[in-house]
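>>> Quick one, structure for this:
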Amino acid sequence: MPSKRDTSAVHDEILFSADGKTLLRYPPNGPSAYVVPPDVETLATLAFFRCQTLRSVALPDSLQSIDKRAFEGCRALVSLSIPRNVKSIGDRAFKNCKSLSELMFATDSALKTVGSNAFDGCKKLVEISLPAGVVQLGSNAFKNCASLTSASLPTSVQKSVQNAFFGCSSLTQLNILPSLAPTESSNANAPEVFLADGFLFVDGGKTLAQNLDATNAERVVPEGVETIAAGAFSQCNSLKTLVLPSTLKKIETDAFVKCVHLKTLKLPVGFKTIGKRAFYACVQLRSVFFPASLQKIDDEAFDACSSLAWVLYPEIVQDKVVNSLPSQKINQVVVDSKSSEFRVIDGAMFDADGKTLFLYFEKNSGAYVVPPGVERIGSFAFLDCRLTSVALPDSVEYVDRRAFISCRRLTEVSLGNGVKEIGENAFGLCEALERVSFGDRLERVGDSAFGFCSSLTQINVSQGLRHIGVWAFAGCQKLERLPLPQGPKVVSATAFIDCGFSELDLPDGVERIRPGAFSACLRLHRVALPDSLRSIGAQGFAKCPALTEIKFGQGLTRIDFEAFLHCKSLLSVELPNGLRKLGAGAFAKCRRLRSVVLPPTLTTLEADAFAGCAKNLTLYGVKGSEAERYAGANGIRFEPR
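This next block holds a predicted model:
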């Protein structure tokens, strides 16, 4: 049995096969110039791999095959002539030969095959002219040949062209020449291949095969294109804005994979199919708009799109869209199929008639003025924007839920005179918001609408206001005053919890204070309640440690559980005639409370109403009343009056 020594031979530190027909390995630090011996027929895989000092190689006419990765990483190699008998150039054969500027083929070349990535990264290669006999051109054959300006290819390989020139941003001339070999694509009906506007087109312009200008931040795909081919925009790291034509029907596999700065995607009416991983790892993609014509979204189309916040689609395609979304939480907006056309103006997306602003997708800082004619600000429209001020025109009537949520740099909002309703969490977590000006027509402020706007100091409230939702102004710790109008009959639960105002004058007309409405207002020291007020809910003013003065209205009938719990600065309280119920723990742990006047109308005085108050607490009331009974049962001093 032959040994390894019998299958190879070394000449001048160069390894050959035993018969001398295959050059197996050239030393990495060998001479800068080399003449391959006559009779060599094959340059083996990795034969000259990373021979970084090699500048020139003369190849013999006997050579028939340059195997995969044969010259990969030969960064000093400047020029090369491919002999006439070479039939195949393997995958990555000359990848990253960064100095290779001249590549020549014999006029009667027998070359048939050029492998995938064969000349990938040959950044100084200016011109390429493949022999007429080539019938197979591998994908990405000339990828990232940034200096390549001209390419001439035989008709036989034009079906492979769409994947050959990724990153060839200088390519301006593409010549399709007659082929020696008869092929399907060499007939009169062969697909037309051409360059225009930095794009490579095939199928007579119906397919955009490759975006050659990977450095441009904005790309407009021309009308007439029906398909964006697989990998056409793959890893175009500079792409931020994409405008698609009305003729587009299909986006193929990996077409926009890792376009990391692409922010928004609007698919045209008539669009049908999105291929597998088409937008995979587009990490800044925030919004996608689907038309009613959508038929299919393949697996993983939007996987790893970590910034995708919401999608818009007509109800007719809801199942297709929802089933294709990644597992992260994404906000979905269903729109009328008749309104599935959108338009973009100054970085904002509107419906077809311009009455609804669906999305402001620029992340610019500064001010933004919503255009006249807009009637609605859509849900999540300004989510997490970097604007510092926003002004709405008088035409806006509705600000939908979470429209401005988490706009952490927003300091000022002018709502105009037309706004009727502010939705749930519309301005929630706008931590820098200082001033809000409400118009004259505002009727409703939704739940948590301004929740935890911790810098909010001023609000100017409409006289037409009828409803303030739960948590509406919760956590507005710098809110200096609360100029409520006469409209609302109810102050919702926790509406003003943890606010910063020091005085509170509730207007006449308010009938109920819901649980926790004014709890934990740490600076609140004076409260005046109207005669219209009927009840104070559980913990309505609990944990207001600075509260020293309360003026109760004459219409109050009940004070519920722990309504004034932990109001530790209260010294005395006079409850109004007409009060019927004082709930459990109503004034519990008001440690300085020494004097409480209870009315004869009080019929229910629940357990621990004054637990934890001052030891010298005195209850004043009518002899024989519920107040006297309660005092006696709980060891509290009672004085008739």
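>>> what about I636, how many neighbours?
Burial of I636 is recorded as 18 neighbouring residues (other CB atoms under 10 Å). Just so you know, the C-beta spots here come from the backbone N, C-alpha and C atoms, and that holds for glycine as well.
>>> my bad, should have said K623
When neighbours are counted by other CB under 10 Å, K623 comes out with 11.
>>> same check, this time on A164
A164 has 28 neighbours, counted by other CB under 10 Å.
>>> who's in contact with the residue nearest to it when sequence neighbours are not counted?
Nearest-residue entry for A164: A141, 4.7 Å, with adjacent residues in sequence omitted and distances by CB to CB, 6 or more residues apart in numbering. A141 makes contact with V114, G115, S116, N117, A118, F119, D120, S160, A164, according to CB atoms under 8 Å, 6 or more residues apart in numbering.
>>> one more time with 7 Å
Listed by CB atoms under 7 Å, 6 or more residues apart in numbering, the contact partners of A141 are V114, S116, N117, A118, F119, A164.
>>> my read: the third one touches N140, true?
Yep, that's N117 we're talking about. Yes. Counting by CB atoms under 7 Å, N140 is a contact partner of N117 at 4.9 Å.
>>> in the protein, what spans have low per-residue confidence?
Counting by pLDDT under 70, the chain contains low-confidence residues at 1-6, 179-191, 327-342, 362-364.
>>> Would you map the helices across it?
Along the chain, the stretches classed as helices by DSSP state H are 318-322, 626-634.
>>> Redo those as CSV? Include distance to G516 and mean neighbour count.
What follows is these, written out as CSV (distance: least, CB to CB, whole Å; neighbours: other CB atoms under 10 Å):
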stretch, distance to G516, mean neighbour count
helix 318-322, 37, 14
helix 626-634, 26, 18
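>>> Looking at the ones you listed, which is nearest to R376?
Of all the helices of the chain, helix 318-322 sits nearest to R376, with 21.2 Å by CB to CB.
>>> hmm, who's touching the closest one?
Contacts of helix 318-322 (CB under 7 Å, 6+ apart): F290, L294, K296, I297, V311, Y313, V334.
>>> Output these in TSV; the columns should cover distance to G418.
Below are those laid out as TSV (distance: CB to CB, whole Å):
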residue	distance to G418
F290	31
L294	35
K296	42
I297	39
V311	29
Y313	29
V334	25
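>>> out of the residues you listed, who's nearest K258?
Set against K258, the nearest of the contacts of helix 318-322 by CB to CB is I297 (18.5 Å).
>>> mind listing what the closest one touches?
I274, K320, S324.
>>> how much space is there between it and R277?
Counting by CB to CB, to the nearest Å, the gap from I297 to R277 is 11 Å.
>>> do F94 as well
29 Å.
>>> quick one: which of the two has more around it?
Neighbours were counted for F94 and for R277 using other CB under 10 Å; F94 has more, 27 against 23.
>>> wait, doesn't the more buried one sit right on K68?
No. The pair F94 / K68 is not scored as a contact, 10.6 Å apart, by CB under 7 Å.
>>> I'd like the helices of the chain laid out as a markdown table, including distance to V269.
A markdown table is the format used below for these (distance: least, CB to CB, whole Å):
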| stretch | distance to V269 |
| --- | --- |
| helix 318-322 | 15 |
| helix 626-634 | 73 |
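>>> Contact partners for F233?
F233 neighbours (CB under 7 Å, 6+ apart): N211, L239, A255, F256, C259.
>>> was I right about the last one contacting C282?
So the one you mean is C259. Yes. Look at C259 against C282 with CB under 7 Å: they come within range, at 5.1 Å.
>>> burial of the closest residue to A631 other than its chain neighbours, as a residue count?
Once flanking residues are discounted, A631 sits nearest to F638: 3.7 Å by CB to CB, 6+ apart. By the measure other CB under 10 Å, the count of residues near F638 is 17.
>>> how far away is F638 from S414?
Distance of F638 to S414, given as CB to CB: 57 Å.
>>> Same check on E397?
Taking CB to CB, one finds E397 at 15 Å from S414.
>>> quick revisit: what bridges to the residue nearest to A631?
Beta bridges link F638 to L619, judged by DSSP bridges.
>>> got a list of what it touches?
Per CB under 7 Å, 6+ apart, neighbours of F638: L619, A627, E628, A631, G632.
>>> hey, where'd the strands end up in the stretch 251-400 of the chain?
For the stretch 251-400 of the chain, the strands defined by DSSP state E, counting those that start in this stretch occupy 264-266, 273-274, 287-289, 296-297, 310-314, 331-335, 342-345, 348-351, 356-360, 366-369, 376-377, 387-391, 398-399.
>>> so what strands line up beside the first one?
Strand 264-266 has these partner strands in its sheet, going by DSSP bridges: strand 287-289 (parallel).
>>> Return the set of buried residues in the strand it pairs with.
Neighbour counts over strand 287-289 (16 or more other CB atoms under 10 Å) mark S287, V288, F289 as buried.
>>> And stretch 427-440, by the same measure?
For stretch 427-440, by 16+ other CB under 10 Å, it's F427, G428, L429, C430, L433, V436, S437, F438, G439.
>>> Mind checking which of those are in strands?
V436, S437 (DSSP state E).
>>> is it possible to export the buried residues of stretch 427-440 to JSON lines including distance to P393?
Output for those, formatted as JSON lines (distance: CB to CB, whole Å):
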{"residue": "F427", "distance to P393": "18"}
{"residue": "G428", "distance to P393": "23"}
{"residue": "L429", "distance to P393": "25"}
{"residue": "C430", "distance to P393": "20"}
{"residue": "L433", "distance to P393": "20"}
{"residue": "V436", "distance to P393": "16"}
{"residue": "S437", "distance to P393": "13"}
{"residue": "F438", "distance to P393": "15"}
{"residue": "G439", "distance to P393": "11"}
